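1. Fold the following for me, if possible:
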Amino acid sequence: MSNSRPTMEVTQTDLPGVLLIRPPTIFEDFRGTYVETYNERLYRDNGIDVTFVQDDISVSSRHVLRGLHGDAETWKLVSCLQGTFYLVVLNAAQESNVYGRWQGFTLSEHNRLQVLIPPRHGNGHVVMSERAIFHYKQSTYYNPKGQFTIVWNDPKFNLWWPVKQPIVSRRDEVGHFMQT
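-> Next comes the predicted model:
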């Protein structure tokens, strides 16, 4: 690797505040792959002035759908460490002029894309590969009492999923919306 300063690509998505990010360093050769998934200085230089305090992963098998989950305070930086999943981000801020607007992204170990998700947005993902590892950094410590869950197939949002009958938890079948 050279001594030049790595750069990253940051793109504003159709949802205000939701960013699509190509990490600063992705290096691949005959030995495998090296990815720099986070560099505080570079992220801040690119306008992402969020302090992350917790990292989490979930490992799921094909057609498992997790979410849509969120809260009123937490920023999340989502990436796929292994496999492929389809991510949906939904603006859940009822006072927003773009409430209910959503966008889908495919994240994988091959494209190494990341999505920055602001507070008051729900996110959910469905695994498209045999297995996937979903990684996210959070700007707050997990608070189960502050969480909301939007049912993955709530007809008022008209979300598109690449799987018609996903495997979901009881929480994701029933949902619980935040009060604002």
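2. Who does the closest residue to Glu28 other than its chain neighbours form a beta bridge with?
-> Distances taken as CB to CB, 6 or more residues apart in numbering place Tyr34 nearest to Glu28, at 7.6 Å, with adjacent residues excluded. Where C-beta positions appear, they are placed from N, C-alpha and C, glycine not excepted. Beta-bridge partners of Tyr34, counted by DSSP bridges, are Phe27.
3. for Tyr34, what are its contacts?
-> Thr25, Ile26, Phe27, Glu28 (CB atoms under 8 Å, 6 or more residues apart in numbering).
4. Leu81 should be in a helix, yeah?
-> No - read with DSSP: H, G, I helix; E, B strand; the rest coil, Leu81 is strand and lies in no helix.
5. In terms of pLDDT, where does the spatially most central residue of the chain sit?
-> The centre of the chain sits closest to Val78, judged by CA atoms, centre = their mean, with a distance of 3.6 Å. Listed pLDDT for Val78 reads 98.
6. As PDB, could you dump the C-alpha coordinates of the helix or strand harbouring it?
-> Element membership for Val78 (DSSP states H and E) is strand 76-82. The C-alpha trace of strand 76-82 is given here as PDB (Å, rounded to 0.1, in the frame of the first residue of the first chain):
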ATOM      1  CA  LYS A  76     -26.000   4.000  12.800                       C
ATOM      2  CA  LEU A  77     -23.200   3.200  10.300                       C
ATOM      3  CA  VAL A  78     -24.200  -0.100   8.600                       C
ATOM      4  CA  SER A  79     -22.000  -2.400   6.600                       C
ATOM      5  CA  CYS A  80     -21.900  -6.000   5.500                       C
ATOM      6  CA  LEU A  81     -18.800  -7.900   6.700                       C
ATOM      7  CA  GLN A  82     -19.700 -11.200   4.900                       C
END
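7. when you give positions from now on, start the count at 12
-> New numbering, starting at 12: the last item is strand 87-93.
8. Tell me which other helices or strands that strand touches.
-> strand 113-119, strand 125-128, strand 132-138, strand 142-149 (3 or more CB pairs under 8 Å, 6 or more residues apart in numbering; DSSP states H and E).
9. closest one to Val185 among these?
-> For Val185, the closest of the helices and strands packed on strand 87-93 is strand 132-138, at 14.1 Å, according to CB to CB.
10. partners of that closest one, with directions?
-> When DSSP bridges is applied, strand 132-138 pairs with strand 76-81 (antiparallel), strand 95-102 (antiparallel).
11. can these go into JSON lines with extra columns for mean neighbour count, distance to Pro166 and mean pLDDT?
-> Conversion of those to JSON lines gives the following (neighbours: other CB atoms under 10 Å; distance: least, CB to CB, whole Å; pLDDT from 0 to 100):
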{"stretch": "strand 76-81", "mean neighbour count": "23", "distance to Pro166": "14", "mean pLDDT": "94"}
{"stretch": "strand 95-102", "mean neighbour count": "23", "distance to Pro166": "13", "mean pLDDT": "98"}
